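Trainee: no sequence on hand, only this structure:
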């Protein structure tokens, strides 16, 4: 095979764990007899950007070096879109004519190289060693060292310039990245992040970094051996912690020192920080902390053997961590921040401890546990033989197999295409779904979750969804050309049924789906639901039940059902027998961004708060279920406040606590995160045991999770699915459990922090807009395939419809827009004036970090380089 | 102008408006609007709206609520708006939305008013007539394209348009035949033939047996009709042709709470006086739903329509006659209108002079012969094709395919054109004020001046 390996950073010009991977891969491929061409970037301030040289190395590699020094600056547009490099690469591809192009680091070259490689006819593989494709700063840490959400589209992170610039950049890169045949990433947890950010899960595989044989240097100890028993014996001397991440703030060294400072009064521990030689240990840490020179690779085993635990408090999203694996193989538990690479190998409470990224309190608390709990270290002693390091040879062999598979698939596809051109094709592929119409019977939050979020997600996959109110006159026009019709909570009307009939009469397989997120289509649930409607007047109750019958009519006219929860889908399937599809309520970009913004604001001063934001007044029974538990908690913690949102009626038992109860007015959904962020514990009670409640979704957890507020919920199926009990929230079965768990969270700030951060990460990774859009599209495709194969489901078969006559008019759906306070003025890509102070602050933080890391001379050069790039207009603004 | 709308023509958004009720029981204006929507929906995105009440639905187009507070919402952004009757006069802003305006003049409303308001006071009659003329003027001023129901009507409307300045150098240069300005689109009949799925007369109405010969009066009994002569003819036939039955199908207009029913009352009285009610003459109450009228038509043997001889007759287009054609019913009718000419020319039945019961009785007697009726039915089958809605409305379909701005209205977008239009409006307003003062006096004008100015300011600014 002719293989081009692309990496904008490459040894010996730039040596790091990340650059060694393409280097070793290129060597391994060449050793296997493949023709390998390296297209490498060179960092060299002394030569102009774009300068090209060719080199044939002693170890047999042909390297084309392209200088891209300034383009590697994160804030530079050329970092992700470099026309000069693209032109050179296109010519290079013409000359080399590769079978495979394997792209590694590409910052400074730009994403445009990927579609170019694809256009040149090569199979294209990208290894994503970090998160550059979504984060210009690669590691999802802001200049202020604030960790970004794992899905940048769901955040307001300013990244290297500003959020609008980041979103525009990412939009462009996403389109370019989609042209790759295969995406590789070093760990499963990284893979999960990539998928959440929109990479097709069918095209992304884990490709663990290979380690050369001479680097696989720490031998595991057999379980049950004398050595292991010695290691598991209770510790007698001080706890010996080690840190080896160097001095860059991204690696968390300063954070670790801050945590250590909180433990200075505790005896019995010491911390050695490698790579910090030449610096002075702060006076208050003397006696506990020692700064050491970095150790050589061959010294690793010895260094690890001299310690009891490894601390890895990185702020960055690490894609892999060799050190973590080496430590575990050496028998050291690992205390790590919750970052993908390390947590791939570390299990919280099993072979280490995991703390939230950037949470100094949690880090200090975890260190304290190691110090103060005598048996904890032994309990966490890892199974050394369970950690296996992959060799470079294994990785290269796997890569070769992947290349061969891609080329074989390509040949097969071309052969099939050629055959299709000459033979009569009987099984024509289904038409692509490009345009979807959702007609909604309801607005506000329900429409946002069931209409706007799918719309947002589908757009990320190139599918346009028109969201209209069901009586809006545009519905009739759009239905004529839609590829799928979704009726969300649409009551049956003569017009709706005519619309469905028209769509069903269209020649193509256009599926009609009915979506609803509550079990309000079953008139037989009268006995269960009617008591909940006592707050309504008789006319409203009559209308409610008429609505139920009309919803059912629409449902019975559809081909398939989309429901928000499994119990709901199961109930609908039982009722109708129609195909059902689960589409959970997910994360919307605007709410996520408002939440990210709220998270960045300081918590409103005041006592600890628990809160229940019920919304409508149909939740009195749910509240009644936990009222006693809340009273117990408030009695036990006299400072505890209760915040109640919505139209909830509390019982007179709450009277003694009135002064500590705050009633919140109904608020805009974009203001909700601010309130949730000020809560310390979010309550989501449901009267368990009713079909209706069992079918309700878990958005109360989702919304709180987005601002890292932990939730205690009733254990209905959706909450059981959404919450990992004890990890991302709590599920309380009884009043006693509610009280106990409430107090546990109220009393433990570190627990709240870790639970909240984990809840947010899980929610983003499970329900991101890109993932949700892909799921929705798959549902539509499945429904389309059903219709193509079996025809439309009989309309209203055996069902007596109930409809109203409701002619169309212009009925605009509520706009779906982000919080106005997050809309940056100015042109895309141009920093807003109001953000200048923040930008200056970010530059200052970066400069000091650089100074600490690289010294005065390098920092001076860096400052000059950066200043030279600052646009004149930005300088003028700064001057003003 | 293209003769047919090819499938490659741009898909336009078209709003069809009617002031009539859209429901399962529709009268002429709504039926026509409905079928315009049906035919245009083959090529375009169509919205059909009633400014009164919309209670129908179609899988082919959007039936909309066009009541005042919602009309603007559905009208904005349309390429073409098709209006009839008083719609534009009540909503003059419709002409200012940038859409092409098609004015359907199939119904000479001012001539109808002359007869319909016969029972009103002279002052009220004048007001009603002025309102209808003003409505026509508004339409004449704003229309890009006009439809008449017959060539005779087209001549009539050309006179109006000429008088109101729309037959001018620009429109003449656009098309010397002026077909680009006004063309003929008669009332039509459905593509599908009338079926006999559920007969509604014989054996269903007490007193009418399966072997009786049924004459059907297929619509409302308005004051310009002459049902009394027909009832008297039945009286004459009572002995010679005892099996003849006359059925008035649906006598209450669905959108008129207090219909002008003098002619109906007289017919009932005459039939009662002659002792024919319930034996030979039958009045069915209520309005027969549009979709159910086939049951009456296919169960009848003859279609009948008699009217007085006056100006409305000359220019009207009797939609019930089309129903007869649709059902293949031989026709007995009074002379003087477009359809009478058609019946006579193609021998589709018999044409009789107005107010002549004896001639009418003779004509009916001739048509009692099954062979004569069968001959008429065969000839009707050939003639009715031209009245299928998709054929009848072809000029409209062709217009919408290109939807050009009327040549003279395009000129109005210039400053000079706007000034001229403004001048014309000022003239109109001055005339309106003059008429108001004549009717109400200066004192009332002074009291209501503010309100009137407010109402009219907008129409003045809508050029």
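Mentor: Right, received. Where do you want to start? Every value quoted in this text rests on a predicted model; they were computed, and no experiment measured them.
Trainee: show me which residues of the stretch 351-463 of chain B sit near chain A.
Mentor: Proximity of the stretch 351-463 of chain B to chain A (C-beta under 8 Å from any C-beta of the partner chain) involves no residue at all. The C-beta positions use only the backbone N, C-alpha and C, and glycine is treated the same way.
Trainee: residue in the stretch 351-463 of chain B nearest to chain A?
Mentor: Closest residue of the stretch 351-463 of chain B to chain A, C-beta to the nearest C-beta: residue B:400 (15.4 Å).
Trainee: correct me, but that residue touches residue B:40?
Mentor: Yes - counting by C-beta atoms under 8 Å, residue B:400 does reach residue B:40; the two are 6.1 Å apart.
Trainee: what residues are shared contacts of these two?
Mentor: Residues within reach of residue B:400 and of residue B:40 at once, by C-beta atoms under 8 Å, 6 or more residues apart in numbering or on different chains, are residue B:14.
Trainee: which parts of chain A sit against chain B?
Mentor: Residues of chain A lying near chain B (C-beta under 8 Å from any C-beta): A:473, A:475-477, A:480, A:493-495, A:497-499, A:501-502, A:505, A:805, A:807-811.
Trainee: in helices only, show me these.
Mentor: A:475-477, A:494-495, A:497-499, A:501-502, A:505 (DSSP state H).
Trainee: residue A:548: which of these is nearest?
Mentor: Within those, the smallest distance to residue A:548 is 17.0 Å, found for residue A:497 (C-beta to C-beta).
Trainee: what about that closest one, neighbour count?
Mentor: Neighbours of residue A:497 under the rule other C-beta atoms under 10 Å in any protein chain shown: 19.
Trainee: swap in residue A:646?
Mentor: For residue A:646, using other C-beta under 10 Å, the count is 18.
Trainee: need the pLDDT of it.
Mentor: We have a pLDDT of 79 for residue A:646.
Trainee: ok, the residue nearest to residue A:285 when sequence neighbours are not counted - contacts?
Mentor: Closest residue to residue A:285 apart from its sequence neighbours, by C-beta to C-beta, 6 or more residues apart in numbering or on different chains: residue A:260 at 5.8 Å. Applying C-beta under 8 Å, 6+ apart to residue A:260 gives the contacts A:271, A:285, A:288-289, A:364, A:367.
Trainee: of those residues - the most surrounded one?
Mentor: residue A:367 (26 neighbours).
Trainee: break the chain down into its domains, please.
Mentor: If you meant another chain, say so; for now it's chain A. Segmentation of chain A into domains, based on automatic domain parsing, reads A:2-206, A:226-386, A:435-575, A:589-767, A:833-879.
Trainee: the intended chain is chain B.
Mentor: Following automatic domain parsing, one finds the domains of chain B at B:13-188+B:393-413, B:213-387.
Trainee: that's a strand at residue A:353, yeah?
Mentor: Yes - the assignment for residue A:353 is a strand, going by DSSP: H, G, I helix; E, B strand; the rest coil.
Trainee: check contacts around it.
Mentor: So residue A:353 contacts A:333-336, A:366, A:369-370, A:380 (C-beta under 8 Å, 6+ apart).
Trainee: most neighbours, which of these?
Mentor: Counting by other C-beta under 10 Å, top hit in the contacts of residue A:353: residue A:336 with 29 neighbours.
Trainee: what's near enough to touch the residue in the stretch 1-150 of chain B that chain A sits nearest to?
Mentor: The minimum distance from the stretch 1-150 of chain B to chain A, using C-beta to the nearest C-beta, falls at residue B:73 (2.9 Å). Counting by C-beta under 8 Å, 6+ apart, residue B:73 makes contact with A:473, A:809-811.
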